[in-house]
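[1] I need the structure of the sequence given here:
(2 chains)
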Amino acid sequence: MKPLDYNQSEHEIQWCPGCGDFGILLAAKNAYANLGLKPENIVMVSGIGCSGKIPHYVKTYGFEGLHGRALPPAQAIKLVNNELEVVVFAGDGDGYGIGMGHFIHSMRRNMDMLYVVHNNQVYGLTKGQASPTTEVGAKTSSTPKGVIEAPINPLLLALSSNATWIGRGFAGDIKHLTSLIEQGIAHKGFALLDVFQPCVTYNKINTFQFFQQRVYKLEEEKAYDPTNKLMAFERMQEWGEKIPIGVLYKEDRPTYEDQLPQLASGPLIKQNPKRDISELLKAFA
Amino acid sequence: MKPNHLRWKIGGQAGYGIMSIGQTISRAFSRGGFFVVGYPEYPSLIRGGHNTTAVRISEDPVFSVDHKVEVLVALNKETVEVDLPEVIPGGAVIYDPSDYTEDPIKLRSDVLWVAIPMTQIVKEHTGERVMRNMIATGATMGLVHYPFERLETAIREGFAKKGEEVIAKNVEIARIGYETAKESAIAGKFPLTMTPVEKPRSHLFLGGNSAIALGALSAGVQFVAGYPMTPSSSILMDMAKVEQRYGVIFKQTEDELAAMNMICGAAFAGARALTATSGGGFSLMVEALGMAGIMELPVVVVEGQRPGPSTGLPTWTSQGDLLFVISASQGESPRLVLAPGDVNECYYETAKVFNLADKYQLPVILLMDKHIGETYVSVEPFDQNKVQIERGQLLSPEQASKMMQDKGWTQFKRHEVTDSGVSPRVIPGTPGSPYICSSYEHDETGWTTEESDKVKAQYDKRMRKLEGLLHDIPGPTWFGPEDAPLTVVCWGSTRTAALQAMEDLAADGIMLNVLHFTYLFPFKAAETITALQKTQQVLNVEGNATAQFAQLVRTHTGIEFEQHLLKYDGRPFFPEDIVNKVKDLLIKSK
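    As a prediction, this is how the structure comes out:
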């Protein structure tokens, strides 16, 4: 498979020119190709927002659900057909704001899927309001005097919510991001990939340049051990002059679906739904 | 008092085993060939409060419990205080003298006071205090001369999982209650006897919630997601119990938002999917209900009504959500709404509407309530062979690729505009036909569109499904004599009280018939007009304050009901509510 094989060619892409979403789109197609995934076996699930458009732009099955609610349908798709590769895309408002509850519970469940959060630290589609990851002091249309709430740290949240794979990428480094998406898909369990995805229209602070000057790759640091929870805890709080990207944490834990005896004989939807409940009826006799 | 007709009620605190003993006594009589209906009332508490279970037992078919009883079992003083007025003259009260310092007989002299020293018996036989319910049940059997063996069998079955020791203890203690009552001088004066009928029927004994779960299992449900909420939790817990045995996945979710969004995902991926909740949870599901509409996903939602607004009365009943579920969600989207009228319909209609959900690719709302969900009745065993699984236009990979070829499509048109409004669908994993299923308005391929003609074409196509659906669902059902001077119109669970009232009134020589609606939306207007033309005087009976069903009828037919019997205090309709109202009306019209 080549990245081009996942192109949908009929429609024009509707993101702002220069949007960080293009980098994520390209990296996702690269990763699918590198992993040799068949388009029909991938389901891209999204919520609502600029990130939510991404399933439209790839020739796979797509489910563009409700704002903040990408994870619940994604989990159900995985549960009823665990032969599918489920990749979920959300935004920071979508995934860390209105959809926060689902995020935390998805991690403790550990179903095998990759969750990519397009984190541009602002609401784009509704024209530039503050998001849960907007930095303190940032002036937005909903905070004209500057944000006075502390931002969410999604990586720390993931660590405390028992996520089994936590990564961070940058939409300005497509090669590195491709590798992270590949690793996230290959990881057996729930993988969170938070991606710095600069919004060229509404976020004038966290720009491509801002990240280019600050990010460094954890894998280039030999001493960093992503299986060490304490090390991850420390590094996830690093922000300012230097900001780490790469795989921050990983562990092995059985997936939710692997613990379901109902799936021993194959995906649920391939089992015959016609069943004899005579035994059960006897309990009411 | 008629032999082989017993209305029985037990009352006590939560934690006294009020509900479980209702099951035991019901089973004992059901096994003896009787028709049984049992109805529990309980506050939203784990311990304490006033709990009751009322059971009606008869050799003739029964539909509903009553507010009158022949035998009251009081496990505490409060039961006597609250429920004594329900005991008919000549009836009996089984009580524990240790609850009283002076004889309670002065409270009412026209009933028999049967003193059973339950607390003392428990102590003497090293039983637990909760077992007083078993002594009282044994005493009831002794009082009406019902063979003890029937109760023993019911105990054995009910406690089968708890082991021989527990069974033996319960049987022993029940027998003491039985003998004590039988030997008491007062008991000899009680005229009511219950004798097992000669040919015992092989009835099932269950509530509407259980029947819904069984219907869904017969229909091949594969995925169930939900968040516990009274009065529908038992459907979810039933699924949790059997999921491994029957190849179902039950997922308890973090909230109802997740539950509804999950079943949409499961339906998209090709599974038969169900959730169950009450009005509060349903409120959280509304956004995703609309999504199921625009995405054209077959899902089944059980909404077990309880009185609102807001938290309301969690453990009581209501018919207050009818117009809400019919119109829930922003915009307009087709759906099927039905409210089963009895436990049989809970099973068979549930199985059937999974097919309709698939055929028309839309959400189905099964409108239940606490009353029908938790009232236990004896019914003919369900016939699984009557249930067919029909998945509608769900294409196999071969059919999908042939369709793509025949139509010359380069992209699969999941939302193809058709005359019926229904478009063939494929599920993920099908080669060659990936498509996007979107909550945005879309064109035939699923691509987001805001173009006027495409928007309208999709909107019309979805709404067109209601035409076929309307044709596939039945109109209202008649019960009783055709030429009755008065017709009770009702929907959903109110049927049971209406039918019982019809029988009770017939005994008084008053003729009544009942027009009952199970299927509520889309609305069978033509059939309703025809049916109402046959009526002389109509009484609309429903469990809400604004006569919502009457509003629905007026909207679709222009017909206005003039007489209403409305109830919204959390209690179901009891037959006597309808009997009294009918008698009033007939007096007035004379």
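[2] drop to CA atoms for contacts and neighbour counts, all remaining ones
    Fine.
[3] partner residues bridging the most centrally placed residue in chain A?
    Chain A has A:V116 as the residue nearest its centroid, 1.7 Å off, counting by Cα atoms, centre = their mean. Here A:V116 sits in beta bridges with A:F89, A:L193, going by DSSP bridges.
[4] Chain A versus B:K461, what's the distance?
    For B:K461, the distance to chain A (Cα to the nearest Cα, to the nearest Å) stands at 20 Å.
[5] Report the spatially nearest residue to B:A181, omitting neighbours in sequence.
    What sits nearest to B:A181 in space, not counting adjacent residues and going by Cα to Cα, 6 or more residues apart in numbering or on different chains, is B:A139, at 5.0 Å.
[6] residue contacts, the residue nearest to B:L45 when sequence neighbours are not counted?
    Spatial nearest neighbour of B:L45, chain neighbours left out: B:A14 (7.3 Å); criterion: Cα to Cα, 6+ apart. For B:A14, the contact set (Cα atoms under 8 Å, 6 or more residues apart in numbering or on different chains) comprises B:42, B:45-51.
[7] Using TSV, please lay out those residues together with secondary structure, neighbour count and distance to A:C50.
    Formatted as TSV, the contacts of B:A14 follow (DSSP: H, G, I helix; E, B strand; the rest coil; neighbours: other Cα atoms under 10 Å in any protein chain shown; distance: Cα to Cα, whole Å):
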residue	secondary structure	neighbour count	distance to A:C50
B:Y42	coil	21	50
B:L45	coil	14	47
B:I46	coil	10	48
B:R47	coil	12	51
B:G48	strand	14	53
B:G49	strand	14	53
B:H50	strand	18	55
B:N51	strand	23	54
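[8] for those residues, which one is nearest chain A?
    B:Y42 (22.6 Å; Cα to the nearest Cα).
[9] Contacts for the helix-or-strand element of chain A with minimal mean pLDDT, please.
    Each helix and strand of chain A was given a mean pLDDT (mean pLDDT, DSSP states H and E); the minimum falls on helix A:278-282 at a mean of 93. For helix A:278-282, contacts defined as Cα under 8 Å, 6+ apart pick out B:L204.
[10] Go again with 10 Å.
    With contacts defined as Cα atoms under 10 Å, 6 or more residues apart in numbering or on different chains, helix A:278-282 is touched by B:204-206, B:211, B:214, B:218, B:242, B:381-384.
[11] Inside helices: which ones of these?
    Within the contacts of helix A:278-282, residues falling in helices by DSSP state H are B:211, B:214, B:218, B:242.
[12] Number of residues surrounding the second one?
    Meaning B:L214. B:L214 is flanked by 26 other residues according to other Cα atoms under 10 Å in any protein chain shown.
[13] Go ahead and confirm it touches B:Y347.
    Yes: with contact defined as Cα atoms under 10 Å, B:L214 counts as touching B:Y347 (6.4 Å).
[14] okay, and the common contacts of the two?
    In contact with both B:L214 and B:Y347: B:208, B:382, B:384, using Cα under 10 Å, 6+ apart.
[15] Please state the mean pLDDT value computed over stretch A:194-202.
    Mean pLDDT, computed over stretch A:194-202, is 96.
[16] what's the answer for stretch A:67-79, then?
    Stretch A:67-79 comes out at a mean pLDDT of 98.
[17] What of stretch B:203-218?
    For stretch B:203-218, mean pLDDT rounds to 96.
[18] Skipping its backbone neighbours, what lies nearest B:I186 in space?
    B:V114 (6.6 Å).
[19] The helix or strand encompassing the one you found pairs with which strands?
    Using DSSP states H and E, B:V114 falls within strand B:112-115. The strands beside strand B:112-115 in its sheet (DSSP bridges) come out as strand B:87-95 (parallel).
[20] Please identify the buried residues of the strand it pairs with?
    Neighbour-count burial for strand B:87-95, with 16 or more other Cα atoms under 10 Å in any protein chain shown as criterion, is recorded at B:87-88, B:90-95.
[21] Check stretch B:179-193 too.
    B:179-182, B:187, B:190, B:192-193.
[22] In chain A, spot the helix with the most residues.
    Secondary structure of chain A per DSSP H: the longest helix is helix A:21-35.
[23] on contacts alone, who are the packing partners of it?
    Using 3 or more Cα pairs under 10 Å, 6 or more residues apart in numbering or on different chains; DSSP states H and E, the elements in contact with helix A:21-35 are strand A:85-91, strand A:113-119, strand A:165-170, helix A:174-186, strand A:190-196.
[24] partners of the shortest one in the sheet?
    For strand A:165-170, the paired strands and their directions (DSSP bridges) read strand A:190-196 (parallel), strand A:243-250 (antiparallel).
[25] Quick one: work out the angle between it and helix A:21-35.
    Relative orientation of strand A:165-170 versus helix A:21-35 (axes from the mean of the first three to the mean of the last three Cα atoms, to 10 degrees): 130 degrees.
[26] For stretch B:407-422, give the mean pLDDT please.
    Stretch B:407-422 comes out at a mean pLDDT of 97.
[27] Now do the closest residue in space to A:E219 that isn't next to it in sequence, the pLDDT please.
    Spatially, and ignoring its direct neighbours in sequence, A:E219 is nearest to A:G246 (6.6 Å; Cα to Cα, 6+ apart). We have a pLDDT of 98 for A:G246.
[28] Could you count how many residues lie near A:G246?
    23.
[29] What distance do you get for A:L26 to A:Q212?
    Distance, A:L26 to A:Q212, by Cα to Cα, to the nearest Å: 19 Å.
[30] list the contacts for A:M100?
    A:68-69, A:92-94, A:106, A:132, A:154.
[31] nearest to chain B, of the residues you listed?
    Nearest to chain B among the contacts of A:M100: A:R69, at 7.0 Å, using Cα to the nearest Cα.
[32] what about the closest one, is that helix, strand or coil?
    Reduced to three states with DSSP: H, G, I helix; E, B strand; the rest coil, the structure at A:R69 is coil.
[33] And for B:A54?
    Secondary structure, three-state DSSP: B:A54 is strand.
[34] what bridges to the residue nearest to A:E219?
    On the basis of DSSP bridges, A:G246 is bridged to A:R168.
[35] My read is that it contacts A:L180, right?
    Yes: A:G246 lies in contact with A:L180 (Cα under 10 Å); the separation is 6.9 Å.
[36] Can you check which residues contact both of the two?
    Residues touching both A:G246 and A:L180 by Cα under 10 Å, 6+ apart: A:166-170, A:193.
[37] What is the most widely separated pair among the residues you listed?
    A:I166 and A:F170 (14.0 Å; Cα to Cα).
[38] of the two, who's got more company?
    More neighbours surround A:I166 than the other of A:I166 and A:F170, with 29 against 26 (other Cα under 10 Å).
[39] Quick check: that one touching A:I181?
    No: contact criterion Cα under 10 Å: A:I166 and A:I181 do not qualify, at 11.2 Å.
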